[in-house]
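# Need coordinates for the following:
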Amino acid sequence: MYSINIYTEIQNNYQAGIDQNQETFIYNQGQSDSDLQNEQSNQVEGLIEPVHIIQDIIYNTDEEQERYVTKFNEQLEDRQAKFQCSKYDFLEKLAIQKYRIILEELKAYIQLDFIIESGEGILFKAKIKQTNENVVIKFIRQDQKDFEQQIKILKELKQFKYFIQLKDHKNIDDIDIYALVFEECECTIDKKIIDINDFDFTQIILSSIQGLMILRLKGILHLDIKPSNLLVKNNLCIYTDFNNSQYKKYGEAVEVKSYTLNYSPQEQIQNNTDKVNHLSDVFSLGKTFEYLLNQQKNIQNVTFKDKLNYIIQRMIQTVNEVRINCFNVFHQFSKEVARQFNQDNRVQDINNQIKDYKNEIQQLLAQLKNDDDDYFQYLQQELQKIETFFLEV
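Next up, the predicted model:
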């Protein structure tokens, strides 16, 4: 992702530190322990990297945790004294605070097993002490206003099964680090679809479009849809990572905070804020579908695959106004899926899924009619463009 993120910052700082023969701390994204050992010659002897500090805090006893944190604090103080540089960057903050977070602020969570890497923060697997339920704790650095908006969006979407469920959240003292506790899902969508059959594939795809329609009805832009931000649980697509998400109000331009080159539309990449809207998310989901369909090897019907590709091409048009909207995407995908499985004994399952999704959208529209007549009228006009697929007469 092209944004101010922790990996880019620290890697750049690391290189700058080498150039100036200064001590520095880096996070080696995607490297194994053997890779890290091979690069030991590039690091100052005796220093403990933040990621290693975190691992040691997780895996060791309370006394050992305190020893590591104390040593790390001493090294930071020495570093600041020598080079007059900032004492804390994101990972340094996190490493020092981690001990206190686990033992004092997140007492309900135990058994942090290992680190999962994320483009916008660091994730740990954990368990809820009382229920033994698996969760994921994500630590991010974010502006308070943006964080509060993210929490508001997550809470508003909590009633829907297509979005990651927020279980808890906490600010770490007065620094701009936040901890979010989420439900655990199986894996990212790109890992799930490789070996599954064509029926399960279409079920997951349909649920992802359903999630996008709900975002549209709620007036929420995700603005970072890509395979790594779509998880899978119980054969449903689960939207996650709402760091860049925001509400889209009529007549107001949105703030483009970042973009992902291979998945974001031109209006987002070029920071054309007046053009960024729900069709921007359609583009990103279309690029995700394009990637997933190329990876999926179990769709044998070439005609079906070609028709799906045709819909995808209509989603990823360069010009914003030419793209089909999310309701039209669902309408067309549903028709092709129903045709594909028409002679299959599972066709009733697909038809029931489509019917349930339509009913869910109609219920949301009914709520909107009571809450905001103007918004409802706008959405109703948009839906009427695709015949009576959602608005039965």
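# In the protein, which helix is the longest?
When the chain is scanned for its longest helix (criterion: DSSP state H), the result is helix 347-371.
# for stretch 333-351, what is the average pLDDT?
Stretch 333-351 shows a mean pLDDT of 87.
# Show the end-to-end separation of that stretch, please.
Length of stretch 333-351, first residue to last, CA to CA, to the nearest Å: 12 Å.
# Quick check: phi and psi at Ile324.
phi -80, psi 150 (degrees, to the nearest 10).
# and if you look at Ile225?
Per-residue torsions, Ile225: phi -80, psi 130 (degrees, to the nearest 10).
# Touching, it and Asp281? I think so.
Yes - at 5.7 Å, Ile225 counts as touching Asp281 under the criterion of CB atoms under 8 Å. C-beta: built from backbone N, CA, C; applies to glycine.
# Touching both of these two, which residues are there?
When contacts are counted by CB atoms under 8 Å, 6 or more residues apart in numbering, Ile225 and Asp281 are jointly contacted by Leu212.
# those helices in the stretch 251-393 of the chain, which residues are they?
For the stretch 251-393 of the chain, the helices defined by DSSP state H, counting those that start in this stretch cover 266-269, 278-295, 302-315, 326-340, 347-371, 373-384.
# Quick check: buried residues in the second one?
Okay, so that is helix 278-295. Under the neighbour-count criterion of 16 or more other CB atoms under 10 Å, helix 278-295 has 278-293 buried.
# same check, this time on the first one
Buried residues in helix 266-269, counted by 16+ other CB under 10 Å: Glu267, Gln268.
# got the contact list for that helix?
Residues outside helix 266-269 that contact it (CB under 8 Å, 6+ apart) are Leu223, Val256, Tyr259, Leu261, Asn272, Lys275, Val276, Ser280, Thr318, Asn320.
# Convert stretch 363-371 to PDB, retaining C-alpha atoms only.
The C-alpha coordinates for stretch 363-371 follow below in PDB (Å, rounded to 0.1, in the frame of the first residue of the first chain):
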ATOM      1  CA  GLN A 363     -35.000  -4.900   4.700                       C
ATOM      2  CA  LEU A 364     -32.100  -2.400   4.700                       C
ATOM      3  CA  LEU A 365     -34.000  -0.200   2.100                       C
ATOM      4  CA  ALA A 366     -37.100  -0.300   4.300                       C
ATOM      5  CA  GLN A 367     -35.000   1.000   7.200                       C
ATOM      6  CA  LEU A 368     -33.500   3.700   5.100                       C
ATOM      7  CA  LYS A 369     -36.900   4.800   4.000                       C
ATOM      8  CA  ASN A 370     -37.800   5.600   7.600                       C
ATOM      9  CA  ASP A 371     -34.400   7.100   8.400                       C
END
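# Which parts of it count as buried, going by neighbours?
In stretch 363-371, counting by 16+ other CB under 10 Å, buried: Leu364, Leu365, Leu368.
# Next: stretch 190-204.
Using 16+ other CB under 10 Å as the burial criterion, the residues of stretch 190-204 that qualify are Asp190, Lys192, Ile193, Ile196, Asp198, Phe199, Phe201, Thr202, Gln203, Ile204.
# Kindly report the same for stretch 219-234.
219-233.
# Please apply the same query to stretch 347-362.
Quick answer for stretch 347-362 (16+ other CB under 10 Å): Val347, Ile350, Gln353, Ile354, Tyr357, Lys358, Glu360, Ile361.
# for those, which one is nearest Lys155?
For those, the residue nearest Lys155 by CB to CB is Glu360; the value is 18.8 Å.
# tell me the contacts of that closest one?
Glu360 makes contact with Gln210, Ile214, according to CB under 8 Å, 6+ apart.
# quick one: pLDDT of it?
Here, the pLDDT recorded for Glu360 equals 93.
# How much space separates it from Asp344?
The spacing between Glu360 and Asp344, counted by CB to CB, to the nearest Å, is 24 Å.
# Unless I misread the structure, Lys167 falls within a helix.
No - according to DSSP: H, G, I helix; E, B strand; the rest coil, Lys167 belongs to no helix; its state is strand.
# shouldn't it be in contact with Val135?
Yes - counting by CB under 8 Å, Lys167 touches Val135, with 6.2 Å between them.
# Compare these two (neighbour count), which wins?
Ranked by neighbour count (other CB atoms under 10 Å), Lys167 and Val135 place Val135 first, with 20 against 17.
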